[in-house]
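*Asks:* A predicted structure for the sequence below; I have some questions about it.
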Amino acid sequence: MEKVLVAGAHGTTGKKIISILKESNKYEPFAMVRKKEQAEGFEKESVKTILADLEQDVSGTTKGMDRVIFAAGSGGKNVMGVDQEGAKKLMDASKKDGIKKFVMLSSMGADNPEEATELKDYLKAKHNADEHLKSLGMEYSIVRPGTLNNETGNGKIQLENKLHKRGEISRQDVAETLVGSLEGSVARNKTFEILQGETQIKSALEKI
C-alpha cells in the first residue's frame, strides 16, 4: 500500500478524498490536519494523521510518504500564506523527500488570474503555486475544477486542457478525479480543467 498524504484533509473535499482512499486497495491515506481535535476525528475512523500547519514549518510532514494530494485552502482568509506559500512549502518538502507524485487541487481561472473579475488574489495565489510545482521537476497533476458544489457526484466529467467555458462540478467528482490522478502514468505532468459532464472519470483521465 502506498502512503498518500492529504493536505486539507479536514475540509469538505478533503474528507471525501480520505474516504475514497480508505476504500482503495492501493493507497493508505494520511490526513494532514492543523488541530488535535481534528486528528481525533480521523483516528476514530482508523485514519492515521499528521499534525502540521501550512502557515508554519512543514518540513518533515512528507517523510515516508509516497504521494501527496494538496486540497487545502484558507477559504479566502490567508490566500498568500496558505494557498500560495503553504502549498509551495509542502511542494518543496515533497521534492526533498522524493515524493513520487504531487496532485494539486487548483482552480479554473488560475491560468490567467489577471482576467478574473472575482477572486483575483485567490487565483493569483493558485497560479503562483501551480507554476512553482511545475518548476520543481517532480511528477505532478494540476486539476482545475469549475465552481464546486455539494451535489451527489455521478462519476462523470468533462475534461480538457482548457474548456473555454464556466460551470460547476460536485466535490465528490473532484475528489474522485484527484485520487484518479495519483497514478504516475495518469495525466503525468498535465494541467487540466474539469466540469460535470458525460465521460467516466477514469476514461477522461486516460485521454489527457
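*Replies:* Yep, it's here.

*Asks:* let me see the mean pLDDT of stretch 182-194.
*Replies:* On average, the pLDDT along stretch 182-194 is 96.

*Asks:* which residues touch it?
*Replies:* For stretch 182-194, the external contacting residues (C-beta atoms under 8 Å, 6 or more residues apart in numbering) are 4, 27, 67, 69, 100-101, 103, 106, 108, 111, 130, 134, 139-146, 157-163, 169, 173-174, 177, 180-181, 204-206, 208. Placement of C-beta: from N, CA and C, glycine included.

*Asks:* need the mean per-residue confidence for the lengthiest helix in the chain.
*Replies:* For the chain, the helix with the greatest residue count under DSSP state H is helix 120-135. Across helix 120-135, the average pLDDT comes to 97.

*Asks:* cool, stretch 170-177 as well?
*Replies:* 98.

*Asks:* for that stretch, output the C-alpha coordinates as PDB.
*Replies:* Extracted C-alpha coordinates of stretch 170-177, given in PDB (Å, rounded to 0.1, in the frame of the first residue of the first chain):
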ATOM      1  CA  SER A 170     -19.500  18.200  -7.400                       C
ATOM      2  CA  ARG A 171     -16.900  18.000  -4.700                       C
ATOM      3  CA  GLN A 172     -17.300  14.200  -4.900                       C
ATOM      4  CA  ASP A 173     -16.300  14.100  -8.600                       C
ATOM      5  CA  VAL A 174     -13.400  16.400  -7.900                       C
ATOM      6  CA  ALA A 175     -12.200  14.100  -5.100                       C
ATOM      7  CA  GLU A 176     -12.500  11.100  -7.400                       C
ATOM      8  CA  THR A 177     -10.500  12.900 -10.100                       C
END
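
*Asks:* and the contacts of stretch 182-194, which of them are in helices?
*Replies:* Taking DSSP H, the ones among the contacts of stretch 182-194 that sit in helices are 130, 134, 173-174, 177, 180, 204-206.

*Asks:* buried ones among those?
*Replies:* Among the ones in helices among the contacts of stretch 182-194, those classed as buried by 16 or more other C-beta atoms under 10 Å are 130, 173-174, 177, 180, 204-205.

*Asks:* nearest to G75 among the residues you listed?
*Replies:* If you rank these by distance to G75 using C-beta to C-beta, V174 comes first, at 16.1 Å.

*Asks:* ok, now how distant is the closest one from N150?
*Replies:* 11 Å (C-beta to C-beta, to the nearest Å).
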